[in-house]
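**Q** The following block contains a protein sequence and its predicted model.
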Amino acid sequence: MPVTEVNVLNLFSELKKFENTGEYDRALKVVNKILEVDPNHSKAIHCKIVCLIQLNEFEEALKYIESQNEEIRKNFHLEQAYCQYRLNNVEESLKCLNGKDVSDDLGANELKAQTLYRIENFDDCYSSYVDLIKNSNDDYEDERMVNLAAVIVGLKNINSNIKYDLASISNSTYEVIYNKACALVAIEQYTKAIAKLQDAEMVCKKFLEDDGATEEEIQSELAIIHAQIAYCNQRMGKTDQALKTYNEILKQKLSDPALIAVISNNIVAIHRDQNLFDSKKKIRMALSENAESKMSSNQKVNIHYNYCLFMINTHQYDLCHKHLPIFRSKFPNNEADAVLIEAYLYIKEKNQSKAIDTLKNYCLSCKNPTVIDLEAALFLTELLLKQNDLDGCAKVLENLGEFRFSRLAIVSILLQIYEKTMKIEEAEKLFDHCIDWHEKHKSSKAILISLYNEAAKFYLNQNKPQASVRYLEKIVKLQGKNPKIISMLINAYSLFDVQKAKSLQKELPSIEEILNSVDIDQLENKNWSLGVKYVKKVKDTPKTLTKEKRKKTKRRKILPKNYDPNGPPPDPERWLPKYERSNYRKKKDKKGVGKGTQGAVGDMPEIKPSPKPTVQSPLGPRQQRPTQKKKKKVGRK
């Protein structure tokens, strides 16, 4: 055996020893020695890639794989895809996994499922995990169940009405319970979600205590559960409680940058336009680059959206204008959000015409409107209504297509616009199309009856009793023979078919039946005309019980010293100062005696009577101001 082969065998045995002890840095040095002897040794190349991955040197591992020739590189597509995944190049990782040279083994399918989850392709991800659970038989079933529950939560966040059986997934770990709680959050059942999160907290705490974790480690692991409870409280309007929990979590030494970013964003949302100094610090924490790769696209959109709103609220309009292109480039599928921010920014800058133009350009170009497009359309409708542009409003709402039929409030606005602009034919078409849409989509009985009733009233007001009868008959089929509906039918038939109206009169209840249904005692009650709201209920109290009158204790009079009881009574005003007593008399002022003229009278001219003044309208009362006294001349002393 050549010397080189002996050396390689010895080095591999040394490599095995370092692998068992987990000393991958020392193992890497050994592998490099082997590769110096044989650079194309496939086993040694594989060992080097594994060592670099274990040391989190993903860039180095990827460069090393790509430096190999095509023949060697095709054996390491899984490792290459994993390095791309860890470097957040998720699209490249998936492309690598979909290559023809990738083996269809468990590891590749596991990585593919995780990659599909990261790019939020939840439908394919769900199928991948179902196949993995069926075809695997190892110790990682609990982890796959946790991931499957997380995928279902992702699906419910997109469509809350989607039905997936979470109950079949056992509560084997606290992560599964947490994910089930998140599914309840997605369908806005916050009270149930809090109860489920509290269960997850108990299971997590017990598991970590049994595992010998420190209190700091336990609190760090519980932080995400506490944050989700705080979010539920925030959504239920308990903002003070939520804010307190968020701040307590941020005081801990958290290692998850995504959790810090989401909590900071939620605090900014609670503050709104208050406490702007704290919001400024929190929004910077939320925009951390380290957190971005670990957040969902929805979370990232919300953070950047709130950042734009924060800049508008702090009157940093120029900065907001600069950030909008960044928002559009990062989230090209969220143009509606960008349009809403831009329009709101123009409103704040008092440029309403530009806001209307921005919204019009977007709303009238939408082909398949969504809920967020509806927000933009309603914003534009509000602005146009303020300008009394009814035709413009109608055009915007009509552009929503069939989507408008799912919102009865929009249908109601359109009907009012058509009635004001005298477009009766358009109103009739709207009623008919809306009712057809709800019948086709099997809407609830209450919605259909409400629509039929409004349509019947509308056609009756337009003097079209035949159309009114058509919808009233549908109500009778759904609801039965209601006296109010029968009376409306009689009224409608009487306009074009008197015989039918007379025959329907028999279906109305008789006078005796109506009288029997009336409660005479209730009518005779003296308070009925005021309504139940104004009648006060007085509790019955036993009349025999009477409160005993408390005896008033007399205060002992304080008498002066050396008081003679046989003499006159003491003066009651003796406590007051002398100048405040009723018998006090002020001394006369004698300062002016001997001053002024002493009685001499001069010749007086003849005084003629003055003429009568002309009558004027009385003026309002004036304040009497004290006349200014002349200052006395003071000589030098």
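**A** Looks like it arrived, so ask away.
**Q** When you work out contacts or count neighbours from here on, use the C-alpha atoms and nothing else.
**A** Will do.
**Q** other SSEs contacting the one helix or strand Ile194 maps to?
**A** Following DSSP states H and E, one finds Ile194 within helix 190-210. Contact partners of helix 190-210 among helices and strands, from 3 or more Cα pairs under 8 Å, 6 or more residues apart in numbering; DSSP states H and E: helix 174-186, helix 215-235.
**Q** Tell me which of the ones you listed is the most buried.
**A** helix 174-186 (a mean of 24; mean count of other Cα atoms under 10 Å).
**Q** and the angle from that one to helix 190-210?
**A** Put simply, helix 174-186 runs at 170 degrees to helix 190-210, going by axes from the mean of the first three to the mean of the last three Cα atoms, to 10 degrees.
**Q** one step back: now do the helix holding Ile194: everything it contacts.
**A** Residues external to helix 190-210 that are found in contact with it (Cα atoms under 8 Å, 6 or more residues apart in numbering): 173-175, 177-178, 180-182, 184-185, 218, 222, 225, 228-229, 232-233, 235-236.
**Q** Now for Ala456: which residues touch it?
**A** Here Ala456 is in contact with 467-472 (criterion: Cα under 8 Å, 6+ apart).
**Q** mind running it again at 6 Å?
**A** The contact partners of Ala456, by Cα atoms under 6 Å, 6 or more residues apart in numbering, come to 468, 471.
**Q** cool, the one 4 residues further on as well?
**A** By Cα under 6 Å, 6+ apart, the contact set of Leu460 is Ser468.
**Q** So which bits of the stretch of helix or strand it belongs to are buried?
**A** Element membership for Leu460 (DSSP H and E) is helix 445-461. For helix 445-461, the neighbour count (16 or more other Cα atoms under 10 Å) marks 448-449, 451-453, 455-460 as buried.
**Q** from those, which is closest to Pro39?
**A** Leu448 (77.2 Å; Cα to Cα).
**Q** need the next SSE after the helix holding Leu460, C-terminal direction.
**A** helix 465-479.
**Q** Who are the packing partners of that next one?
**A** Helices and strands touching helix 465-479, by 3 or more Cα pairs under 6 Å, 6 or more residues apart in numbering; DSSP states H and E, are helix 445-461.
**Q** ok, 10 Å please
**A** helix 445-461, helix 483-493 (3 or more Cα pairs under 10 Å, 6 or more residues apart in numbering; DSSP states H and E).
**Q** hmm, back to that, tell me which of the helices and strands packed on helix 190-210 sits nearest to Tyr362.
**A** helix 174-186 (28.8 Å).
**Q** The closest one vs helix 215-235, what angle?
**A** Using the same axes, to 10 degrees: helix 174-186 against helix 215-235 is 10 degrees.
**Q** Show the average pLDDT along helix 174-186.
**A** On average, the pLDDT along helix 174-186 is 92.
**Q** Can you tell me the closest non-neighbouring residue to the residue nearest to the spatial centre of the chain?
**A** In the chain, the residue lying closest to the centroid (Cα atoms, centre = their mean) is Arg235, at 5.8 Å. Of all residues not flanking Arg235 in the chain, Tyr190 sits nearest, at 7.8 Å (Cα to Cα, 6 or more residues apart in numbering).
**Q** sorry, back to before: now render the buried residues of helix 445-461 as TSV, adding distance to His304 and pLDDT.
**A** Formatted as TSV, the buried residues of helix 445-461 follow (distance: Cα to Cα, whole Å; pLDDT from 0 to 100):
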residue	distance to His304	pLDDT
Leu448	41	90
Ile449	44	88
Leu451	41	90
Tyr452	45	90
Asn453	46	88
Ala455	45	89
Ala456	48	89
Lys457	48	89
Phe458	47	89
Tyr459	49	89
Leu460	52	88
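**Q** ok, now how distant is the nearest residue to Gln252 once chain neighbours are set aside from Ile249?
**A** Of all residues beyond its chain neighbours, the one nearest Gln252 is Ser220 (7.3 Å), with distances taken as Cα to Cα, 6+ apart. Distance, Ser220 to Ile249, using Cα to Cα, to the nearest Å: 9 Å.
**Q** now swap in Ile34 and tell me
**A** Counting by Cα to Cα, the separation of Ile34 from Ile249 is 50 Å.
**Q** Looking at the two, which one has more neighbours?
**A** Set side by side, Ile34 and Ile249 show more neighbours around Ile34, with 24 against 21, by other Cα atoms under 10 Å.
**Q** Quickly find the element holding the nearest residue to the more buried one once chain neighbours are set aside.
**A** Of all residues not flanking Ile34 in the chain, Val8 sits nearest, at 5.9 Å (Cα to Cα, 6+ apart). Using DSSP H and E, Val8 maps to helix 3-21.
**Q** Buried residues in that helix, which are they?
**A** Neighbour-count burial for helix 3-21 flags 8, 11-12, 15, 18-19 (criterion: 16+ other Cα under 10 Å).
**Q** can you check stretch 355-375 too?
**A** Using 16+ other Cα under 10 Å as the burial criterion, the residues of stretch 355-375 that qualify are 355-356, 358-360, 362-363, 369, 373-374.
**Q** same thing with stretch 328-340?
**A** In stretch 328-340, counting by 16+ other Cα under 10 Å, buried: 328, 331, 334-340.
**Q** Could you list which of the residues you listed belong to helices?
**A** 328, 335-340 (DSSP state H).
**Q** Out of these, which comes closest to Gln479?
**A** Using Cα to Cα, Ala336 comes nearest to Gln479 of those, at 41.8 Å.
**Q** Surely the closest one and Lys360 touch.
**A** No: Ala336 is not in contact with Lys360 according to Cα atoms under 10 Å; the separation is 11.8 Å.
**Q** okay, and the common contacts of these two?
**A** Counting by Cα atoms under 10 Å, 6 or more residues apart in numbering, the shared contacts of Ala336 and Lys360 are 376-377.
**Q** Tell me which stretches of the stretch 251-400 of the chain form helices.
**A** 257-271, 276-286, 289-292, 297-313, 317-330, 335-348, 352-363, 371-386, 390-398 (DSSP state H, counting those that start in this stretch).
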